[in-house]
Every structure is written in structure tokens, then in C-alpha cells.
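In: pasted the sequence and its predicted model underneath.
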There are 2 protein chains.
Amino acid sequence: MKRKITLKQIARELDVSISTVSKALRNSAEISDDTKQKVQAFAKLYNYKPNNIALSLKNRRTNTIGIIIPEIVHHFFSKVISGVELVANKRGYNVIVGLSNESFSKEVINMEMLANGSIDGFVLSMSKETLKLQDYHHFNETMTQGMPIVMFDRVVSDVNCDKVIVDDFNGAKKAVRKLIDNGCQSIALITTEDYVSVGKLRTQGYLEALEEHGIIPKAELILKIDESLDYEAHMEALESEIEDLFKSNPNLDGVFAVNEIYALLAMKIARRLGHDVPNDVQVIGFTDGVLSKHATPSLTTVSQHAQQMGEKAAELLIDKLEKEFNSADEVFQTVVITTDLVERESTK
Amino acid sequence: MKRKITLKQIARELDVSISTVSKALRNSAEISDDTKQKVQAFAKLYNYKPNNIALSLKNRRTNTIGIIIPEIVHHFFSKVISGVELVANKRGYNVIVGLSNESFSKEVINMEMLANGSIDGFVLSMSKETLKLQDYHHFNETMTQGMPIVMFDRVVSDVNCDKVIVDDFNGAKKAVRKLIDNGCQSIALITTEDYVSVGKLRTQGYLEALEEHGIIPKAELILKIDESLDYEAHMEALESEIEDLFKSNPNLDGVFAVNEIYALLAMKIARRLGHDVPNDVQVIGFTDGVLSKHATPSLTTVSQHAQQMGEKAAELLIDKLEKEFNSADEVFQTVVITTDLVERESTK
DNA sequence: GAAAGTCACGAAAACGTTTTCGTGTTAAAA
DNA sequence: TTTTAACACGAAAACGTTTTCGTGACTTTC
């Protein structure tokens, strides 16, 4: 159970000073070739690697970025992590993850833990509870302490930082346009409560697309789901609501859902009620998920390019970290990732 | 852009020594109540938090655990992370993730990066390439340097460490038994190449269940998929192979697949060929995934309890980290997580 | 009134690096 | 021969903590 070897030990063994060892390993011109060879050979033999913690302390930077997300068991978020990790590693950074579980307090605690020296900056997406409470002090405090933040997907204009967002509005618009172009006359929207910014924007896109084509939106075609219930109860409530939707609107021929699950559920219920997808009812979802591809019929969706979001967020953060002269001329950018409509079997 | 405040700064402001500040904040009896109050008030005002890096260096432990997985965009692995994170946080640890992308060299590099002081121990699942190459030197080297490792899911007996595994053998056996009990006579197996240990064990479970019931396994009912192809090519090849399977075995009435995708594909093809699921063909998959639940018909599966695996792995690791007197009496345990058969619509 | 004890605090080392600066030795220049 | 320059190396500070030990100023005790 021998510990990792340190400069000090090498120095003692070779009867030179610590400074000499350090310099020899970094190939400093100050050190004679003889000594260099001796030291380097010894270091290689004992597999010396500098201690990251000591380096971090000395350099006051950890080369680690923290990522805080509401949950990881979610295709979108794990794909974002994947993107962050990709460019982080490429640029010599590690990634440390914190999960908020959609809880405000866990988000705060997690950020505080990491902000005390463990990382150089954050990539994060806010929890639903934070959005609801509209309490953003922890973000602002973190930033005044000189730790940059890049937010993605769920953002808010009250926090002034770099952001990477999906073009939710236009994505939704494109999807609903597609339904209209495909001949749908009566298009339902299944969405979340408005405090989740993305839900709101997608709803607006839906409305705009209808308006564009001179269709008057009907309140009874819009289903806003309260997500505060637990999962099982939620699913059941959701299912019966969707069923009601179909029953009370017999000529419904299109559904746009703001996520994958809602879309799949809509398809399932439509078919159970005897409607054929896509011939009687066409369905489009919003997501990057794996369900859409493997459903039968497979689901047409608005793709969010989650991985690309992660990559871009990491780029922004690392760029900021490595730009030394961050004088007061702070300028924050918001990058918009455009969406693609991936056509599959649930539309004509 | 003011930096975080340090003990030194507080000391200077209050005109006391660093030691006094440190002790006052930790409520040492050495310090007078007056001074304590003064210091604590000041620290609170400026929101002092000790620097983690400095603490790590001093204590020679980071309270961070590293987790290395082949990929994160995978329900099973992200669920494991979720479990690790849960207990890690509960016990005061952070989690830092590394992705190997199923590549041996990325696994090695990632481990080396983290092993140099960034973390106290590893939770990991080996990459397929590592399993294929059977090169485990990096694991053993890490351990001889005093850094404990807990492996999960994909393990190998050549590495001596704590392990958490799924009871693949019995899980598979249970599933196939179920099919037999439900009246299936001709049961196919869709599996991976044998070098992935879990694939091998599940295959054995399948064979054993058949044997138990006096059924002689037929080679033409066993499909071993080569996963080295890229995803799209893979899917197509797979699809035609499964189609052939059904066509050349017209009386096929049961399918056991070692993962979710294979199972879903089997259902899809069966239905396309005019078989009803579950009346003509019953299907069972092996997984914890989200596809099974939302498929139509929903898929009966062997549940692996991924989150529980993560929790257990983290427990094992932290226990080991916190057991000081780790003299030569190292004893490694292998925890087996039992599986559950989750019955859904794809079986009778 | 001297010895002993208590109290409240500070100095310094340690964790493992990197880097600046100083210094002794040798070789080159005057 | 003397001065200067080049060379090779070491001492020490710094990053931010915690902790051991020492010490001066009082207070108590006999």
C-alpha cells in the first residue's frame, strides 16, 4: 500500500534538492543534462505524476468544470453531459457532476460545495423549483466571486451570464407548420405549466404557427399538465386527460407534444380509441430521446441537439476561463441552437 | 470580481493571527468568547468558506470519488451514477465522472488523470475494448498505489477488488423459465458476443433453464450479435438477422433478448410478419430501461436495479475509504444484486 | 512574594508543487 | 592574475488550511 511518490522523495533518493527535481522534470535549461537524465529516469521508473491537488492550490485553478443538472436519468441531460465531457477532455479539463433533483436547496448546496475551490466554473441548467421560486441569488453570488457560469436550456433573463438555448419557439412553430401542411385542421397541444420557460416558448410557437395560417386556437385543444404529482399518479392523470381530449374533440387530427412521453402516450391512446397514426391522427414530439426512434410507429420529433448544446456550453465556459484579461468589459453571449424536424412514421 | 476571502485576509482585517481565526471558526476552547464572536461574525458577513483544495492537500483526501463508465447516454449507466451520487452526497462526497466511450486507451488516460490526487477512489465499469484486450494493468497499478476500486456490472475475476454485479445468470434463467411456464416450446435467444461477461452469463442462464425442462437447445435459435459495427449498420444487420430467425423457425413462440433494443426489435419484426405479441410470440428483455415501459405492447423485462447497484458500489467504496486500519488483511467482497421479473404486456 | 497554573493567542510546520532569486564553482575574457 | 560571465544547483516563498507547541500575561495558591 505504498503511496504515490513525490518530488521530495525523489529528491531525497537522488540527493538533490526538490527544486532541482522539479526543474529537471520540466526540462529546464538550468539543469545539467546529466542530472536531468538521472532524475527523469528515476521518475519514470517510479511512475511519478505531479499531484493535481497541489498544482491546483498553487495555480489557483483546478482545470475542472462543474456541471449541475436537475437529473441525470434523462436522455437530454445525459447527452448534454456527454457533449460537455467531450470538449472538456479535449481541452484538458475534468468534469464533476452535481444533481439537483429539481430541488432548489439541493442546487444551492451543491453549488456551494463545488464553488469552494473544487472547480473553475459552472455549466448548469436550473431546477424547476428554482424557476418557480425565482430565487437566483446563488447564481449571482457565485459570479461575483469570480466564478463564471454558463446556463443551458432552462435559462432566465434575470441572470446575466453566457447561455446556450434551444430555439424552442421556432422548433415548435416548425412542427406545427408541418402538421398544418400535412393537412391537419384540428391540432392539439400537450404542454407543461408556463413557469418552465421552454414549455412557455413551445406553446408560443404553437400559437404563432396556427395564427400564421389563420387558424384560431381553441382553449379546449390545449392541455397543460401539472408535473408536481408523483410519476405514477402523473401518468394516470395524464392518460385520462388525453383520453378526454380525444373524446371531446372527435375531429382531432394532429397532436404536438412538448416532450416524448406525452407524444407517445397520445399515440397510444389514439390507437386505443381506434384512430390510426398517422392516417387519422398525426403526432409530433419535442426531444432528443431514444423512445421516439424505437416506438412503433416511430415518432416524428423536433430534435434539440443536446450533445451540441453541451459542447457549446463547455466551449463558452473554457474560453472565458482562459481569457485572462477579464476586465470590466464583461460581455455575455447567448447561443441559440437551431432545431431540426426529424420525420418518422407518426406523420404523413 | 473579488476573490473568495481567506483566513489570511480575515486575520489581517481583525488584527489577529491566522491560527486564531482558524480556531475561532472551529469553536476551539483555546479562543476567548469575545474573539470567537468577532471572528465568526466577520466570517459570516463575508461568507467565508474554507477552500476545498487546501483542505484536500492538507488532509490528503479529497472527499471525491471518481466514476468511470463506458458511456453516459445509456439508461443503465446514468441510473447507476444517480445511485452513486445519492449516497456519495449523503456521506459528504462529490462525484467526478469520466467516460471511456468503450475505449481502452481513454479508460487508461481518464484513470491516470483522476488518480493523481483528484479523487480518493474509483467506481467503474470496464469498457468493452478492455474486456476484449484483457489488459487490466491500470486497475492493478491504481490499487497498489493505495487507491481502492469498486467495479460494477462488467467485472472480471483477474482483478481483485470489491465488485457489485447483477445476477445475470439467474435473471436470465427466471425469464426463460417464465416463457416455458407460459407454454413456449421454441424459444430464441438474442445475445452479444461472449467476451462481454454479462452476455455470456445470460446465455448460460438461458441454456440452463431449457435443460432444466428437458428442452434441447438448438443452435439455429441462438443469435449472437456482433456489436463492432456502427450503430446504423448494426441495426440493419440485426433487423435482417432477426427476420431470418423468424422465417426459418416458423413455430418460434418465445424470444429472450439480453437487452431492450434487441427485444423491441424482435417485437416489431414479429408483428410485421403477422405474429401477435404476446399471443403468438412472447418476448422478454433484460434491462432497466425506459423503452420497455413505454413500448406498445410494453415489454416484460428482467430488471437490474441499476440505481441500487450504484448505491451499493458507493457504499462499499466509502466504507473502504473510511476504514483507517487497512492493514494487509484486505478482504474483498462481491455483492450480487438480485433481479426482478417485471411482467408487462409482451408476455401472457 | 514566589511558584504554579490558567488563559489567550501566535509561530511554524506540514500537505506537494512551481518559481524567483541567490550563491558557489568553474571557465572565459581582460 | 584578476574580473566577469556562464553554469548548476539550492533556499525559500507561495497557494490556504489545520494543528502542535511555545510563550507572555494574569490569576491563584501557599
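Out: Ah, there it is.
In: return the lowest-mean-pLDDT helix or strand in chain A as CSV; C-alpha atoms alone will do.
Out: The least trusted helix or strand in chain A, going by mean pLDDT, DSSP states H and E, turns out to be helix A:231-248, with a mean of 86. This file holds the C-alpha atoms of helix A:231-248, laid out as CSV (Å, rounded to 0.1, in the frame of the first residue of the first chain):
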residue,chain,number,x,y,z
TYR,A,231,-44.7,9.9,-11.5
GLU,A,232,-47.3,7.2,-11.4
ALA,A,233,-50.2,9.4,-10.4
HIS,A,234,-49.0,11.8,-13.0
MET,A,235,-49.1,9.2,-15.7
GLU,A,236,-52.6,8.1,-14.9
ALA,A,237,-54.0,11.6,-14.7
LEU,A,238,-52.2,12.4,-17.9
GLU,A,239,-53.6,9.4,-19.6
SER,A,240,-57.2,10.2,-18.7
GLU,A,241,-56.8,13.8,-19.6
ILE,A,242,-55.5,12.9,-23.0
GLU,A,243,-58.4,10.4,-23.4
ASP,A,244,-60.8,13.1,-22.6
LEU,A,245,-59.1,15.3,-25.1
PHE,A,246,-59.7,12.8,-27.9
LYS,A,247,-63.2,12.1,-26.9
SER,A,248,-64.4,15.6,-26.6
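In: name the helices or strands packed onto that helix?
Out: Here helix A:231-248 touches strand A:187-192, strand A:222-225, helix A:260-272, going by 3 or more Cβ pairs under 8 Å, 6 or more residues apart in numbering or on different chains; DSSP states H and E. C-beta here means a position set from N, CA and C on the backbone, and glycine is covered the same way.
In: with residue A:97 as the reference, name the closest of the ones you listed.
Out: Nearest of the helices and strands packed on helix A:231-248 to residue A:97, taken as Cβ to Cβ: helix A:260-272 at 22.8 Å.
In: off-centre distance for the closest one?
Out: Relative to its chain's centre, helix A:260-272 lies at 26 Å (Cα atoms, centre = their mean, to the nearest Å).
In: so which residues of chain A form helices?
Out: Secondary structure of chain A (DSSP state H): helices at A:7-14, A:18-25, A:33-45, A:52-59, A:75-90, A:104-115, A:128-133, A:137-144, A:168-181, A:197-212, A:231-248, A:260-272, A:291-294, A:306-322.
In: Throw those into CSV and include mean neighbour count and distance to residue B:6, thanks.
Out: Formatted as CSV, those follow (neighbours: other Cβ atoms under 10 Å in any protein chain shown; distance: least, Cβ to Cβ, whole Å):
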stretch, mean neighbour count, distance to residue B:6
helix A:7-14, 16, 25
helix A:18-25, 19, 25
helix A:33-45, 14, 33
helix A:52-59, 18, 12
helix A:75-90, 23, 28
helix A:104-115, 19, 14
helix A:128-133, 18, 29
helix A:137-144, 16, 16
helix A:168-181, 22, 43
helix A:197-212, 20, 38
helix A:231-248, 14, 45
helix A:260-272, 22, 48
helix A:291-294, 20, 50
helix A:306-322, 22, 21
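In: pick out the shakiest of the helices and strands packed on helix A:231-248, pLDDT-wise.
Out: If you rank the helices and strands packed on helix A:231-248 by mean pLDDT, strand A:222-225 sits at the bottom with a mean of 90.
In: coming back round to it: lowest average pLDDT across the helices of chain A?
Out: Taking the mean pLDDT of the helices of chain A, helix A:231-248 comes last: a mean of 86.
In: with adjacent residues omitted, what lies nearest to residue A:46?
Out: The spatially closest residue to residue A:46, leaving aside those adjacent along the chain, is residue A:5, at 4.6 Å (Cβ to Cβ, 6 or more residues apart in numbering or on different chains).
In: show me what contacts the one you found?
Out: A:46, A:47, A:48 (Cβ atoms under 8 Å, 6 or more residues apart in numbering or on different chains).
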